[in-house]
Structure formats: C-alpha cells, structure tokens
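# I need the structure of the sequence given here:
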Amino acid sequence: DVTGPVQLDACHLVLSGNAAHMGTEQDAMLDVDLASGTVIAAIHSGGRIDIYTVADPAAAAPGWDALPHTLREWAVRADMGFPQQSPRNLVEPRSVRLHALSAAVAPAAVVAPRTTAKPRSINFDSGATKPTPPTPAQDAAIRRAAGDDLTQPLPGHAGEPLYAMALADLNDDGRADLIVQYSYAAGACGSAGCSGIIVMATPQGYAHKQIGLPNFTTLAVLPAMHGGMHDLQFDGDSPVWQWTGKEYAIPKADLPQLHAPAWETRAAAGRTLALVVPIDSVIKSVSLFCDQGQPVLAMLLKLPRPAQPTTMTWVFRGWTVNVAMSPTNRDGTLWMTNLSRSDLPEWLAHRGNTRQAAELARAATEAYLRLNGEGQGRVSLKDSTAATRAALARCYRY
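The predicted structure follows:
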C-alpha cells in the first residue's frame with residue numbers, strides 16, 4: 001500500500017509516503033528511472049536516512065549532489081521532521097547514509113527472504129481476539145516473575161484483569177512460553193500504554209526470572225532466530241528486536257551511529273538550566289529548570305509550529321513518557337510544560353517507580369523523541385542525572 005503523491009513522467013516514476021503506524025517513525029521514497037536503468041530507494045527510520053542506489057555494476061556510490069532534486073529535498077525534509085515549508089538549502093544531512101548496489105546482485109541481496117515460514121502475529125487489543133486464559137500454574141508463574149508490577153491496579157480499574165496472556169514457543173524446544181501484556185497494572189502501565197514480559201517454559205517448569213518487553217499492543221514472532229530465540233516485532237512497523245543472550249533489544253547495526261551531545265548545565269537569569277541538543281530533529285534544544293518553585297520543561301524548535309495540542313513523547317528502551325506542551329511565544333518556536341506531576345525527571349535521573357522501570361531507566365543511554373507521534377530524532381542520556389538533578393534541586397522531589 002502506498003500513501004502519498006505519485007508522479008509519473010514518461011518512464012520516470014517517483015513516489016513517497018509511509019505505512020500506517022502507531023506513532024513510530026517510518027518513511028520512504030522510491031525513484032525509478034527506466035531510461036537510465038537506475039532505481040533509488042530511500043528509507044527514513046530510527047533517526048537515520050539510508051539511500052540505496054541500484055545501477056550499473058561498475059557504478060560507484062553516488063554522491064549527494066548527483067541524486068535527483070526531489071529525493072534530496074525529501075531527505076532534507078525528513079531530517080527536519082517534515083516541516084510545512086520547503087527547505088531552502090539542500091545540504092546533505094548528517095543522518096544520510098549512501099549505499100550503492102550492483103544491478104547484477106541487487107535482486108538476490110534485496111529480495112531473498114531469510115526463511116519461507118510466516119510470522120505469527122498476536123494481537124492484545126481488547127477488541128481484537130480473546131486472550132488465552134491462564135491455568136493456575138501459569139498465573140502463579142506470571143505473578144512470581146512480575147513481582148511488584150502486578151500488585152496494584154490502575155486507579156479506577158479495580159477488578160479488571162491485570163494482564164493478558166498468549167502462548168508461543170520462542171526457542172523451538174517444544175514448550176509453550178508465556179507472553180504477557182500488562183493491561184491495568186499500575187506498576188507497568190504509563191501514559192502511552194502498557195509493557196509486558198516473557199516467562200520461559202523450561203524442563204524444570206516456568207522460569208522465575210522475567211524477560212522484559214516494551215510498550216506494545218501487537219507482537220509478531222518472526223521466523224528468524226538469534227541466540228536461540230525467535231526475533232520479535234512490536235506493533236507492525238517497529239524495528240526488529242533480537243535476543244542478545246540476556247534481553248531482547250534492537251541490534252546496534254540498526255541504530256543511528258551519530259553521537260548525540262551530552263547534557264550540560266548553564267546559568268541563565270539567576271537559575272540553573274539542564275540543557276541537551278537532539279540530533280536528527282526539528283527540535284533545536286530541550287531544557288529543564290525551576291520557575292517560581294515549579295519544575296519546567298522547555299522545547300525550542302528550529303521552525304515555527306502551529307498552536308495546536310502537542311504531545312512530546314520520550315521513549316526509553318521501549319517505555320514511553322508523554323508530556324503535553326503549550327506554545328509560549330508568538331511564532332510557535334518555544335513550548336513549555338509543568339513537570340510537577342510527571343515522572344520524566346525520574347527517567348532522566350535513571351530512576352524508576354517499579355522494578356522494571358528502574359531496570360530500564362538504569363540501562364537507557366539515549367531517548368527517542370516524538371511530537372504527536374512523529375519521530376524527532378534522539379537525545380543522549382549521558383550526564384542527564386547530574387544535570388537535571390542540579391537544575392530541579394529546589395522544585396522537584398525525587
């Protein structure tokens with residue numbers, strides 16, 4: 001399925017768009033020129049723009065300036081978060097990676113599937129499919145592995161089930177493992193959904209230790225395996241997660257390799273600011289500070305943004321934290337929010353209110369940013385603890 005404008009000029013086809021998704025950044029552009037025998041595919045995902053050119057076997061990797069104007073403009077707009085205004089300068093963004101594929105080998109390299117088996121999709125949406133009811137032994141194993149995450153329901157949901165369960169053999173040992181999505185558990189549900197866990201089945205019974213999962217609604221068990229476990233994909237269009245031997249994680253090769261600047265503190269107007277600069281983003285900077293005894297988050301944009309309801313989402317190793325932002329200047333480049341009721345400062349200080357949240361917070365080295373679901377690059381979490389605690393020392397209780 002293609003969503004977006006399609007342009008056909010004789011034997012030159014150009015199209016761009018994105019798949020239907022749940023807020024995850026996923027954009028692409030395709031340029032097919034039959035006259036020259038050149039195919040260019042560009043993929044924007046996870047803060048990186050990969051541009052693949054399929055041409056003559058002897059062709060070298062194309063330079064940025066040799067790419068079609070429409071594709072260069074698309075790449076610059078993707079790097080800026082797709083602003084409404086067309087960019088004036090088409091300088092190559094730092095997030096771009098150029099690749100050359102030989103036409104002689106491209107079909108085998110690009111099309112060949114890793115396996116002919118089909119992925120199994122599990123939908124935990126309450127209106128989609130009925131979850132598998134757990135046996136008493138499975139319920140006991142899940143509650144033992146979940147620990148504090150299943151002790152309290154969300155406010156207003158007393159009596160509701162705290163989790164839903166599905167079965168899948170994740171390591172092909174012939175035993176059905178337990179895939180759990182928390183539903184109304186106060187210890188594992190945040191402002192953008194609920195996370196989950198895996199409880200493995202072993203010859204000695206169910207494992208006592210959980211395998212943590214990010215926030216999700218649907219989960220696909222893929223045919224490919226790494227480390228003896230099937231790969232997983234969450235909510236249809238997210239990156240593929242692979243087993244590392246200790247946890248499920250996105251492979252480093254699929255993550256952006258640019259280094260985001262560390263957090264720093266600055267003195268301004270008699271107060272201390274914690275400041276960080278995102279990369280691959282329309283956001284110019286993010287800062288935290290105390291204002292009249294209240295903790296404040298400020299976001300400075302590179303381009304004006306319409307004064308409409310805007311949610312800023314921080315993604316920490318699959319766990320999301322949402323904050324509602326409001327414009328504070330006329331041109332819509334400065335947005336702020338009060339953090340007195342938010343747990344964002346806890347995450348930036350590598351803390352958590354539950355065991356699972358604390359483990360994820362301690363392990364997080366970066367956070368991905370979204371504005372109303374659109375990916376806006378990422379920020380480093382290096383030195384975030386010291387900087388944010390110094391900036392909020394007088395107005396936020398950890």
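# moving C-terminal of the helix or strand bottoming out on mean pLDDT in the chain, what's the next helix or strand?
When the helices and strands of the chain are compared on mean pLDDT, DSSP states H and E, helix 106-111 comes out lowest with a mean of 35. Downstream of helix 106-111, the next assigned helix or strand under DSSP states H and E is strand 120-123.
# And the next helix or strand past that following strand?
helix 136-146.
# as a whole number, average confidence for stretch 302-316?
For stretch 302-316, the mean pLDDT works out to 89.
# Same check on stretch 53-64?
63.
# likewise stretch 180-188?
When pLDDT is averaged along stretch 180-188, the result is 73.
# do stretch 77-85 as well
Here the average pLDDT along stretch 77-85 is 75.
# can you check stretch 330-347 too?
Rounded mean pLDDT across stretch 330-347 is 92.
# Show residues contacting it.
The contact list for stretch 330-347 (C-beta atoms under 8 Å, 6 or more residues apart in numbering) reads 190, 288, 294-307, 310, 312, 314, 316, 319, 321, 323-328, 352-353, 357, 361, 364, 367, 388, 392, 395-396, 398. For the C-beta atoms, the positions are set from N, CA and C on the backbone; glycine is no exception.
# just the buried members of those residues?
288, 295-301, 305, 310, 312, 314, 316, 319, 321, 323, 325, 327, 352, 357, 361, 364, 367, 388, 392, 395-396 (16 or more other C-beta atoms under 10 Å).
# quick one: which of these sit in helices?
Counting by DSSP state H, the part of the buried ones among the contacts of stretch 330-347 found in helices is Ala357, Ala361, Thr388.
# export the residues you listed to a markdown table and tack on distance to Val32 and pLDDT?
Output for these, formatted as a markdown table (distance: C-beta to C-beta, whole Å; pLDDT from 0 to 100):
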| residue | distance to Val32 | pLDDT |
| --- | --- | --- |
| Ala357 | 47 | 75 |
| Ala361 | 45 | 81 |
| Thr388 | 48 | 96 |
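# can you give me how far whichever strand or helix holds Leu98 is from the chain middle?
Per DSSP H and E: Leu98 is located in strand 96-102. Centroid separation for strand 96-102 versus its chain: 24 Å, with C-alpha atoms, centre = their mean, to the nearest Å.
# Tell me which strands that strand pairs with, and in which orientation.
strand 48-55 (parallel) (DSSP bridges).
# Outside of the following helix or strand past the strand it pairs with itself, list whatever touches it.
Next along the chain after strand 48-55, taking DSSP H and E as the criterion, comes helix 69-79. Residues from elsewhere that reach helix 69-79, judged by C-beta under 8 Å, 6+ apart: 14, 16, 27, 29, 31, 40, 42, 44, 49, 51, 64, 67, 83, 86-87, 89-96, 280.
# Show me how this structure divides into domains.
Domain segmentation of the chain under automatic domain parsing yields 6-111, 120-254, 264-391.
# quick one on the thing from earlier: what mean pLDDT does the strand holding Leu98 have?
76.
# would you put the C-alpha positions of it in CSV?
What follows is strand 96-102, C-alpha atoms only, in CSV (Å, rounded to 0.1, in the frame of the first residue of the first chain):
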residue,chain,number,x,y,z
VAL,A,96,22.1,10.4,5.5
ARG,A,97,23.9,7.1,4.6
LEU,A,98,24.6,6.4,0.8
HIS,A,99,24.8,2.9,-0.5
ALA,A,100,25.5,1.5,-4.0
LEU,A,101,24.0,-1.9,-5.0
SER,A,102,25.1,-3.6,-8.2
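# What's the ChimeraX line that selects buried ones from the contacts of helix 69-79?
Entered in ChimeraX, the line below selects the buried ones among these, by 16+ other C-beta under 10 Å:
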select :14,16,27,29,31,40,42,44,49,51,67,87,90,92,93,95,96,280
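# Next step: the contacts of helix 69-79 restricted to strands.
Here DSSP state E is the test, and the contacts of helix 69-79 give Val14, Ser16, Asp27, Met29, Asp31, Ile40, Ala42, His44, Ile49, Ile51, Val96 as lying in strands.
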